[in-house]
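Trainee: next one to model:
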Amino acid sequence: MSLLKKLFGGKNQPMSWRDFTLHYAEQCQQQLDIQPEIEWGDDLKNTTVHIVLPNGTQTASYLGNYYRLYQQQPDMLDSIMRQATGALAQMGANTADKPDTATQKQHIFPVIKNTEWLATTQAQLKNMPGAVVDDIFIIEPLVGDLLLTYVIDDAQAMRFLAAAEAQELGLGDQATLWDQASTNLQRYAANKVAAHRLSPQHSLHQLTLDNTYDASLLLFIGYLIDALQLSLPGHPVIAVPARNELLLCGANDAAAVAEMKQKVAAIGTDSGYLISSQLYQLKADTLGLFQSH
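Mentor: Take a look at the predicted model:
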């Protein structure tokens, strides 16, 4: 057990963001045999951990989301660190250690992000010479402040799929990539999606999958409403405030819409993986911003 963990591991003594950053650097040293360099800022948002992986890959870690998860669940520190260092291990893997093309294709999934995430990422990449968003992520606008991107999620870690890597896998065309990723998610989600009615008085539901790809269910919302036989008063109104939250109700159910807004606002104050505070609607099979009457 590390010295930091002995000192700060108790439930009532959570680490400060500085100690969390030092603990992360220590874990990188122990698990990956690398020596991170911390560029301290005035707060965690402006603090960067620079890393050179064993295969020569240079990257930078920003720990805001991980620290927020830790604040919510201090007992999950080890799991959070495994997730963070696992992503680095995957990036640093030698080409010979990577799964074959067919296997990698089966682990590509679509995920939803937002324009604020993109702006933050672009600002962070300014500290990495030669780094360009388009080289690291595949970004497609959806609607409102929502964006579509892709990850490779296997037993080792989850990481973003880069355009060059998609090209190598034969998925350089957007339509081909979407077909592959959506098929993978549908296969993964089969018989796992559930609809939970949040009140007997109105139509507000939450759709759940696995706490990771719940928001991605938005991409198939029309199909899921039919498959789950949900009866909604009016066209569907949808919210994806966080990656593990997808809320759904009928547009003509004022009480449900009001509660949805309250839940979205509450989630926006404590989730580690925020997506959008906006409400959306599905009309004529087209997703758009919700327009209240």
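
Trainee: for the stretch 1-150 of the chain, just list every one of the helices.
Mentor: Secondary structure of the stretch 1-150 of the chain by DSSP state H, counting those that start in this stretch: the helices cover 3-8, 17-32, 64-72, 77-91, 101-105, 115-125, 133-136.

Trainee: doesn't Asp285 make contact with Gly222?
Mentor: Yes. Between Gly222 and Asp285 there is a contact under CB atoms under 8 Å: 5.8 Å. Any C-beta I mention is one placed from the backbone N, CA and C, and that applies to glycine too.

Trainee: these two - which one has more neighbours?
Mentor: Higher neighbour count among Gly222 and Asp285: Gly222, with 13 against 7, using other CB atoms under 10 Å.

Trainee: may I have the secondary structure class of the more buried one?
Mentor: Under DSSP: H, G, I helix; E, B strand; the rest coil, Gly222 falls in the helix class.

Trainee: okay, it: pLDDT?
Mentor: Predicted confidence (pLDDT) for Gly222: 95.

Trainee: residue contacts, it?
Mentor: Pro236, Leu282, Asp285 (CB atoms under 8 Å, 6 or more residues apart in numbering).

Trainee: among these, which ones are in helices?
Mentor: Of those, none are assigned to helices by DSSP state H.

Trainee: okay, these in TSV with distance to Val151 and pLDDT next?
Mentor: TSV is the format used below for the contacts of Gly222 (distance: CB to CB, whole Å; pLDDT from 0 to 100):
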residue	distance to Val151	pLDDT
Pro236	26	97
Leu282	25	96
Asp285	26	90
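
Trainee: just the ones of these in strands?
Mentor: Among these, DSSP state E puts Pro236, Leu282 in strands.

Trainee: distance to Gly268 added to the contacts of Gly222, as JSON lines?
Mentor: Shown next, in JSON lines, are the contacts of Gly222 (distance: CB to CB, whole Å):
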{"residue": "Pro236", "distance to Gly268": "21"}
{"residue": "Leu282", "distance to Gly268": "22"}
{"residue": "Asp285", "distance to Gly268": "28"}
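
Trainee: ok, which stretches of the stretch 101-250 of the chain are strands?
Mentor: Taking DSSP state E, counting those that start in this stretch as the criterion, the stretch 101-250 of the chain contains strands spanning 108-114, 140-141, 146-153, 158-160, 194-197, 205-208, 236-242, 245-250.
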